[in-house]
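Chemist: Okay, predicted coordinates and the sequence, questions at the end:
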Amino acid sequence: MLPRIRAITLDLDDTLWPIMPAIDRAEAALDGWLAANTPRIADRWPLERRQALRLQVDAERPDMAHDMTAQRQWMLERMFAESGEDPAHVHSAFEAYFAARCEVEHYPDTVDALERLAARVPLASISNGNACLVRIGLMPLFRFQLGAREHGAAKPVASIYHEACARLGVAPGDVLHVGDDVDADVVGAARAGLRTCWIDRRGERWPRGDVRPDLHFPDLAALADWVDTHLATDTHAA
């Protein structure tokens with residue numbers, strides 16, 4: 001039996017929306033911007049070569065491993081420099097990419113489930129990605145958004161969970177973390193002392209024997225049903 005849940009933290013990518021359609025859209029938007037504004041870069045840096053450069057970031061800049069925005073900006077700076085283009089346009093190129101990256105397609109249950117959850121307990125997001133809830137339009141349902149870029153380290157490091165709990169003013173054992181990733185979300189949160197919920201939209205078996213999620217649902221709607229049943233008399237934590 002879980003203790004009373006006083007707050008919920010949620011992962012974003014592949015929990016609230018599928019990430020790959022957003023990334024594909026962002027890469028296409030960047031292709032369009034480069035073709036229209038810097039055709040030399042567009043010719044020299046097709047998607048396949050950009051993907052290879054992305055691997056180069058990992059090798060050359062491990063200090064950026066937690067920061068998707070810095071990685072993308074580093075890539076663009078390298079592309080502009082090697083193509084002899086004005087680096088003053090890097091910001092505009094990044095904005096073309098990032099605006100499309102935030103044009104996500106929610107899973108069908110996401111918005112309704114978030115509204116139901118937010119009516120019960122405070123919500124916060126903890127993400128290793130760089131999606132912006134303000135641009136996406138979901139920020140009114142959340143107390144705050146905490147990203148790996150802001151925190152300085154990525155899940156599954158315990159400190160990012162502890163920062164979220166501190167900002168919520170709730171002890172880790174009274175916070176439920178919800179996400180799709182076995183290691184980053186469930187194992188990481190559990191080892192940080194939070195309660196955990198695995199969102200398993202693909203119907204997979206739990207792969208680990210040493211750590212198990214406290215809750216396991218196929219989607220957020222099922223989690224919202226559970227919360228409605230178990231927290232029916234609860235109000236928002238102070």
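Modeler: Yes, it's here. Residues are numbered from 1 along each chain as shown.
Chemist: hey, let's count contacts and neighbours off CA atoms from now on
Modeler: Noted.
Chemist: tell me, how many neighbours does the nearest residue to Asn128 once chain neighbours are set aside end up with?
Modeler: Distance criterion Cα to Cα, 6 or more residues apart in numbering; nearest residue to Asn128, sequence neighbours excluded, is Ala148 at 4.9 Å. Neighbour count for Ala148, taken as other Cα atoms under 10 Å: 20.
Chemist: ok, now which ones touch Ala148?
Modeler: His66, Asp67, Ile126, Ser127, Asn128, Gly129, Ala154, Lys155, Ile160 (Cα atoms under 8 Å, 6 or more residues apart in numbering).
Chemist: Check Ala96 too.
Modeler: Contacts of Ala96 (Cα under 8 Å, 6+ apart): Ala26, Ala29, Leu30, Trp33.
Chemist: same check, this time on Arg116
Modeler: Listed by Cα under 8 Å, 6+ apart, the contact partners of Arg116 are Ala224, Asp228.
Chemist: name the helices or strands packed onto the one helix or strand Ala52 maps to?
Modeler: Element membership for Ala52 (DSSP states H and E) is helix 47-60. If you count contacts as 3 or more Cα pairs under 8 Å, 6 or more residues apart in numbering; DSSP states H and E, helix 47-60 packs onto helix 68-83.
Chemist: go with 10 Å
Modeler: Helix 47-60 makes packing contacts with helix 19-37, helix 68-83 when contacts are defined by 3 or more Cα pairs under 10 Å, 6 or more residues apart in numbering; DSSP states H and E.
Chemist: Quick check: which of those helices is nearest to Leu231?
Modeler: helix 19-37 (30.5 Å; Cα to Cα).
Chemist: So which bits of the closest one are buried?
Modeler: The neighbour-count check on helix 19-37 (16 or more other Cα atoms under 10 Å) flags 19, 22-23, 25-34 as buried.
Chemist: ranges for the helices of this protein?
Modeler: Counting by DSSP state H, the segments of the chain that form helices are 19-37, 39-44, 47-60, 68-83, 90-101, 110-118, 133-136, 148-151, 158-168, 188-191, 220-230.
Chemist: Which residue is the nearest non-sequential neighbour of Ile199?
Modeler: Nearest residue to Ile199 in three dimensions, chain neighbours excluded: Asp180, at 4.8 Å (Cα to Cα, 6+ apart).
Chemist: what's the weakest-modelled helix or strand in the chain?
Modeler: helix 47-60 (a mean of 92; mean pLDDT, DSSP states H and E).
Chemist: Give me the residues contacting that helix.
Modeler: Helix 47-60 is touched from outside by 27-28, 30-31, 44-45, 62-65, 70-72, 74-76, 78-79, with contacts defined as Cα atoms under 10 Å, 6 or more residues apart in numbering.
Chemist: One more pass at 7 Å, please.
Modeler: Here helix 47-60 makes contact (Cα atoms under 7 Å, 6 or more residues apart in numbering) with Ala65, Gln71, Met75.
Chemist: For the nearest residue to the first one once chain neighbours are set aside, grab the count of nearby residues.
Modeler: What that stands for is Ala65. Nearest residue to Ala65 in three dimensions, chain neighbours excluded: Asp58, at 6.7 Å (Cα to Cα, 6+ apart). By other Cα under 10 Å, 13 other residues sit near Asp58.
Chemist: coming back round to it: looking at the contacts of Ala96, spot the one nearest Leu133.
Modeler: Among the contacts of Ala96, Ala26 lies closest to Leu133 (Cα to Cα), at 16.3 Å.
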